[in-house]
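**Q** Structure for this input, please:
(2 chains)
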Amino acid sequence: MKKSSSRPDLYVVYRLLKILKEHGPLSKTSLALYAKLNYQRALAYLQHLSDAGLVELKKEVALTRKGYETLEKLEEVLKNLGVY
Amino acid sequence: MRFRKRLLSCIELHWAKRLYMGYAVVLYSLYLAEAAGLLRGVVNAVISLWFLPALAAAVIARRRLLRVMGEQEAALALMELVSRDPYFCTAAELTVKAVALFGAALLLAIVAGYWLRDTIFGVALSLTLFTLLYSRATGRELKKLREELEFVEKMKKAYEEVKL
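**A** The predicted model follows:
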């Protein structure tokens, strides 16, 4: 996420949500590793996703219902663009 | 590769615009400094490095693209770029093509002018060549432009659906 703006990059959000869907709940460290993100950057994204209600931040990170729905919407849009 | 390619050229054009604007400011400042007698010969040295901003833009864009994994992520990144500045990439690509065409026509005319030993004829030839090439290229580009604009609208609409 860019420090100057609060808007996260959509492709990183998609990557994080997709990993959580495929692997189930993960620790923040594992999620950052799977997503190939710097840990601090991953934390900033997770905080944003948590504020938006897309993930639940406890000991592990898990997708919420809204998170699943957002991911499905993203996948549908990608399908319409012919890249899924 | 469709979206990755498009994303690469779009980021490259964005950075080229920024860097060339900076380059123009520096060049103009140096020109003023030279006119005031504070410097000598620096403007020519800076002009000879005209390709540097383009080179830097290409490197930056390729480094940025390394962060994006796969076509799906590239499509999403492109969607964000397009939603921020919808027609920039299309307009910039056309501008680059026009400049390249002008450069090619000018080069041909210089060679022809030198060969024919007539500067005025070289200028006339340059304008004629540019007009001919530009009209041919415009006809071809207009067909592509319609598809391009439809694509931009599709991307914008898609981003509106999923923006967080």
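**Q** List phi and psi for the residue of chain B most remote from its centre.
**A** The outermost residue of chain B relative to its centre, with distances by Cα atoms, centre = their mean, is B:Gly37 at 33.5 Å. Main-chain torsions, B:Gly37, degrees, to the nearest 10: phi 90, psi 10.
**Q** Flag every residue of chain A that's near chain B.
**A** Counting by Cβ under 8 Å from any Cβ of the partner chain, the residues of chain A close to chain B are A:7-11, A:13-15, A:36, A:52, A:54, A:70, A:73-74, A:77-78, A:80-81, A:83-84. No exception for glycine: its C-beta is placed from N, CA and C like everyone else's.
**Q** Flag the shaky bits of chain B, pLDDT-wise.
**A** Flagging of chain B using pLDDT under 70 yields the residue ranges B:1, B:164.
**Q** Give me the nearest residue to the residue most central in space within it, chain neighbours excluded.
**A** Ranked by distance to the mean C-alpha position of chain B (Cα atoms, centre = their mean), the top residue is B:Val96 at 3.7 Å. Excluding the flanking residues, the one nearest B:Val96 by Cβ to Cβ, 6 or more residues apart in numbering or on different chains is B:Leu13, at 7.3 Å.
**Q** Who are the packing partners of the helix or strand containing that neighbour?
**A** Taking DSSP states H and E as the criterion, B:Leu13 maps to helix B:2-35. Based on contacts counted as 3 or more Cβ pairs under 8 Å, 6 or more residues apart in numbering or on different chains; DSSP states H and E, the elements that helix B:2-35 packs against are helix B:42-47, helix B:52-66, helix B:70-84, helix B:88-116.
**Q** Please identify which of those helices is closest to A:Ala44.
**A** helix B:70-84 (17.1 Å; Cβ to Cβ).
**Q** In contact with residue 68, which residues?
**A** I'll assume chain A. The contact partners of A:Tyr68, taken as Cβ atoms under 8 Å, 6 or more residues apart in numbering or on different chains, are A:Lys21.
**Q** should've been chain B
**A** A:11, B:4, B:7, B:74, B:77.
**Q** Any idea which helix or strand in chain A has the lowest mean pLDDT?
**A** Ranking every helix and strand in chain A by mean pLDDT, DSSP states H and E puts helix A:65-81 at the bottom, with a mean of 90.
**Q** Could you check how far that helix is from the centre of its chain?
**A** Its chain's average C-alpha position is 12 Å from that of helix A:65-81, according to Cα atoms, centre = their mean, to the nearest Å.
**Q** Give the buried residues for that helix.
**A** A:67, A:70-71, A:74-75, A:77-78, A:81 (16 or more other Cβ atoms under 10 Å in any protein chain shown).
**Q** Over to stretch A:30-43?
**A** Applying 16+ other Cβ under 10 Å to stretch A:30-43 flags A:31-32, A:34-35, A:37, A:41-43 as buried.
**Q** List of residues touching that stretch?
**A** Residues outside stretch A:30-43 that contact it (Cβ under 8 Å, 6+ apart): A:1, A:12, A:15-16, A:19-20, A:23, A:26, A:28-29, A:45-46, A:61, B:69.
**Q** Could you give me the ChimeraX syntax to select whichever of those residues are buried?
**A** Filtering the contacts of stretch A:30-43 down to the buried ones (16+ other Cβ under 10 Å) takes a single ChimeraX command:
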select /A:1,12,15,16,19,20,26,45,46,61
